[in-house]
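> With the sequence up front, the predicted model follows.
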Amino acid sequence: MANSELTAKTATPLARMADAFRRGLDSDVFHSFKHSPVTIVATVVTLVMIGASVFANLVAPHNPFDMATIDMLDSELPPVWEEMGMSKYLLGTDNLGRDVFSTILYGSRVSLFVGFTSVVLSMVIGIALGLIAGYKGGLIDAFIMRVAEIQLSFPTILVALLINGVMRGVLPPSQHADLAILVLVLSIGLSNWVQFARTVRASTLVERNKEYVLAARLIGVKPFFIMVRHVLPNVMGPILVIATLGLASAVLTEATLSFLGVGVPPTEPSLGTLINVGSDYLFSGSWWITIFPGAALAVLVLAVNLVGDWLRDALNPKLR
Amino acid sequence: MLKFIAGRLVQSVFVMLFVGAIAFTLFQFVGDPINSMVAEDATMAEREALRERLGLNDPIVVQFARFAGNMATGDFGFSYQHKRPVSDLIVERLPATLELAGLSVVLALLIGIPMGVYTGLHRYGVISKVFMTLSLIGVSLPTFLIGILFIYLFSVILGWLPSFGRGDTVQLGWWSTGLLTASGWSAIILPAVTLGLFQMTLVMRLVRAEMMEVLRTDYIKFARARGLSNRAVHFGHALKNTMVPVITITGLQIGSLIAFAIITETVFQWPGMGRLFLQAIRQVDIPIMSAYLVMIGFFFVVINLIVDILYYVVDPRLRIDRAKGAN
C-alpha cells in the first residue's frame, strides 16, 4: 500500500494510470463484477450494441440512407431463413427496400445519442439544483423540492409529452423537423432531473455540517468551490447508478415518443420510429420490419437496466 | 388528524395552482390570439376593441384568475383544430378512457392477486419461477411493443380479436359504453390487457412480498398452532393483511394508468382522451393541451389526497412515523 502511494507520486502519468488500473482490478466492485455472470453478459451486450451503433457506418452491410444503393424491387423481403429471403439482407428489408439490420444499427445510434445527451442534461440540471437546494437550504430549498415533488407525482412520459408539446408551440412549424432531436433531448432531459436533484440534495445536507466543510468555509473558500470540489465527489457513486438506469429509461422514453409520432422524423429514424413505421406492415405479414427493431430496443433496455441494478448493489456498502 | 388533512388540502391547492399556471402559460407562447380572430384588413381600433373585450389588456394576475375560474367551472375554451368546445370533446372521449383504465385495473387485480398469492406460498415452485421471469420480461418490454405483439398474435395470426376501435357502443345519457355489446367486449380485451400488464406484475410482486412477510409473523404461527386449515390461514389471515398496501398502490397507479392510456390508445386506435391529447400535441392545439393537463392534474391530486387520508386512517403506525419524520 505504502509502496503504491510512493510510485503514484513519483512515476510518470502512464505508470500512474497503470497503477490505478491494477488497483481497479483488485477492488470490491470488480470482484463483484467477476462473480456475476448476468452482469458480464449484460455489459458485453451493452458495449457491443453501443459500439455497433457508434460505428454503424462501418459495421452496417448497407447504407440505408444512400438512395443510390436502394432497390425498390427488394422491398419487404423476409429474413434470410424464410423462403423468399436473400442472403444479402440478413434480417430482411423494409417497405422502402432498406436493409432492416442496417436501419436498426443507424436507428440505435439516434436512440443512444438522444438517450446519452438527455441523461447528461438531466444530470447537470439535477446536480446543480440539488447542490443549491442542499447547501443554501431555506426558501430556495423548499421551492426546488416542492417543484420536484409535483413533477415526480406525474409519470415521466406525460411530462416529456407536455414539454414536447409546449416546445412545438413555441417553434415555428417549418423548423419542427430540423430541431426534432433538440426538442426531444430537452423534453426527456427536463423530465428526468428530479432523481438526481433529490439524491444530491440528501448527500449535501449530510456533508454540509461536517467539519471539513466548516474548515473550508473558515479559510474563506467560496460556496461554489465547496460544493463542486468537496461535496460533489462524495455523491458520485449514486449519481452513476441513477445515470445508468436513467439511460435505459431515456432510451425507452425516446422510443415511446418517436412511436407516438412526436419524436424524431422518419428521415432520421430511431428505433421507436422504425417500430412505428413497421407496425403498419404487420397486417401484410411483414412482421420483421417492426419485430426486429422492437427486439433490439428490448434487449438494449434490459441490458442497461441489469448493469444499473448490479452497479447499485455493488456500490452499496450495506450489501457487502 | 384535522391538521393533517388541512395540510394535505393546502398542498393540493398549491399543486393545482402550479399546474394551472403551466396550463395558463401555454397560451402565452402561441403569439397574439387576436391575429387569428380578426379579418386581415381590421383596423388598429377594431383590434384594440376586441382586445379590450376579451380582457387581454388586464393585468396578468386578473387574466390568470379568470382562466382558473373558467377551468374550475368546466369551461375549457374552443379547440383550434376541431372548432368545438373542448368540454364537449372531453365528454365524448372520457368514457372510452375510463372504461379502458377501469377494466385494466380490474384485470390487474383479478389476475395479479392470485398469481402473487401462489408465488408467495410456493416460492421455489416451477410455476412461480415462470411467473417471476415472465413478469421481469413484461416490465422491460415497452407498452407499445407489447401492444404490437398482441395485435400480431391475436389479430393477424389467430384473427380472434379486433386490433382497433371500440366496436359498437350504446349511449347511456352522455356516457357511451362499449361494455353492453359483444363487439365492444371483444374490442376492449387487447387494449385493457396491454394497459394492465404492468400493474398486474406490480400487484403480483407486491402481494408476493407481503405474503412472504406476513407468513413469518407470530399470529400466523399461532393460527397454525390452533389447527386452522391452510386455506383459512392463507386467505382468512394472511391475504387480508396484504390488502392495505395493494389497494394503496393500485389507487396511486390509476393516475399513471390514465397517462399510459395515451400509448395504448394510439396502438389500438382507441377513441379516448389520450388520443385526443396526442393529436393536440401534434397540431399544437393549446386549449386541448391545457384542459388535459388540468384534468390529469386534478385526477392525480384527488387520488393522492384520498389515498393519503385512507392510509392515515387505516394504518395507525404511520401517524407516529409521520410525526417523527416531521421533526
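The structure has been received and is ready for your questions.
> mind showing which ranges of chain A have poor pLDDT?
Applying pLDDT under 70 to chain A flags the ranges A:1-11, A:24-26, A:66-77, A:80-82, A:84-90, A:97, A:173-174, A:176, A:317-320.
> How about the residues of it by chain B?
Residues of chain A lying close to chain B by Cβ under 8 Å from any Cβ of the partner chain are A:146-147, A:150, A:153-155, A:157-158, A:161-162, A:164-166, A:168-170, A:173, A:252, A:255-256, A:259-262, A:275, A:279, A:282-283, A:285, A:287, A:290-291, A:294, A:297-298, A:301-302, A:305. In short, each C-beta sits where N, CA and C put it, glycine included.
> of the residues you listed, buried ones?
Neighbour-count burial (16 or more other Cβ atoms under 10 Å in any protein chain shown) applied to the residues of chain A next to chain B gives A:150, A:153-155, A:157-158, A:161-162, A:164-166, A:168-169, A:252, A:255-256, A:259-262, A:275, A:279, A:282, A:287, A:290-291, A:294, A:297-298, A:301-302, A:305.
> Of those residues, which belong to strands?
Using DSSP state E, no member of these falls within strands.
> Against A:G308, how distant is A:V44?
Plainly put, A:V44 is 15 Å away from A:G308 if you go by Cβ to Cβ, to the nearest Å.
> So for the two, which sits in the more crowded spot?
A:G308 (21 against 11; other Cβ atoms under 10 Å in any protein chain shown).
> and the chain, what are its domains?
Let's take chain A. With domains defined by automatic domain parsing, chain A comprises A:1-35, A:43-319.
> My question was about chain B, not that one.
Using automatic domain parsing, the domains assigned to chain B come out as B:2-72, B:86-326.
> Lowest mean pLDDT across the ones you listed, which one is that?
Note on the domains of chain B: domain B:2-72 shows the lowest mean pLDDT, a mean of 74.
> Checking A:A177 next. Helix, strand or coil?
Using DSSP: H, G, I helix; E, B strand; the rest coil, the structure places A:A177 in coil.
> number of nearby residues for the nearest residue to it once chain neighbours are set aside?
Closest residue to A:A177 apart from its sequence neighbours, by Cβ to Cβ, 6 or more residues apart in numbering or on different chains: A:P265 at 4.7 Å. If you count neighbours by other Cβ under 10 Å, A:P265 ends up with 15.
> close enough to count as contact, A:P265 and A:L179?
No - with contact defined as Cβ atoms under 8 Å, A:P265 does not reach A:L179; the gap is 10.3 Å.
> which non-adjacent residue is nearest the residue of chain A found nearest chain B?
When scored by Cβ to the nearest Cβ, chain A has A:G165 as its residue closest to chain B, at 3.9 Å. Excluding the flanking residues, the one nearest A:G165 by Cβ to Cβ, 6+ apart is B:I281, at 3.9 Å.
> got a list of what the one you found touches?
A:L161, A:N164, A:G165, A:R168, A:V262, B:M289 (Cβ atoms under 8 Å, 6 or more residues apart in numbering or on different chains).
> could you say which helix or strand contains the last one?
Put plainly, it is B:M289. Per DSSP states H and E, B:M289 falls inside helix B:286-314.
> Which strands and helices lie in contact with that helix?
helix A:156-170, helix B:2-29, helix B:86-121, helix B:240-267, helix B:273-283, helix B:316-326 (3 or more Cβ pairs under 8 Å, 6 or more residues apart in numbering or on different chains; DSSP states H and E).
> What angle do helix B:86-121 and it make with each other?
Orientation check (axes from the mean of the first three to the mean of the last three Cα atoms, to 10 degrees): helix B:286-314 against helix B:86-121 gives 40 degrees.
> What residues does the residue of chain A closest to chain B make contact with?
Taking Cβ under 8 Å, 6+ apart, we find A:G165 in contact with A:V262, B:A280, B:I281, B:V284, B:M289.
> cool, and B:A23?
B:F67, B:M71, B:M289, B:S290, B:A291, B:L293, B:V294.
> ok, now with 7 Å
B:A23 makes contact with B:S290, B:L293, B:V294, according to Cβ atoms under 7 Å, 6 or more residues apart in numbering or on different chains.
> A:T39 now?
Applying Cβ under 7 Å, 6+ apart to A:T39 gives the contacts A:F33, A:L306, A:V307, A:W310.
> And A:Y212, by the same measure?
By Cβ under 7 Å, 6+ apart, A:Y212 lies in contact with A:H230.
> That one in helix, strand or coil?
Per three-state DSSP, A:Y212 ends up helix.
> for A:T267, same thing?
Criterion first, three-state DSSP; result for A:T267: coil.
> one step back: may I ask which two of the contacts of B:I281 are separated the most?
Based on Cβ to Cβ, the longest span within these runs between A:V262 and B:M289 and measures 12.0 Å.
> name the element B:V193 belongs to?
helix B:182-214.
> Same check on B:F150?
Element membership for B:F150, per DSSP H and E: helix B:143-150.
> ok, that helix near chain A or not?
Yes - residues of helix B:143-150 contacting chain A under Cβ under 7 Å from any Cβ of the partner chain: B:F144, B:L145, B:I148.
> From chain A, how far off is B:P191?
Relative to chain A, B:P191 is positioned 15 Å away (Cβ to the nearest Cβ, to the nearest Å).
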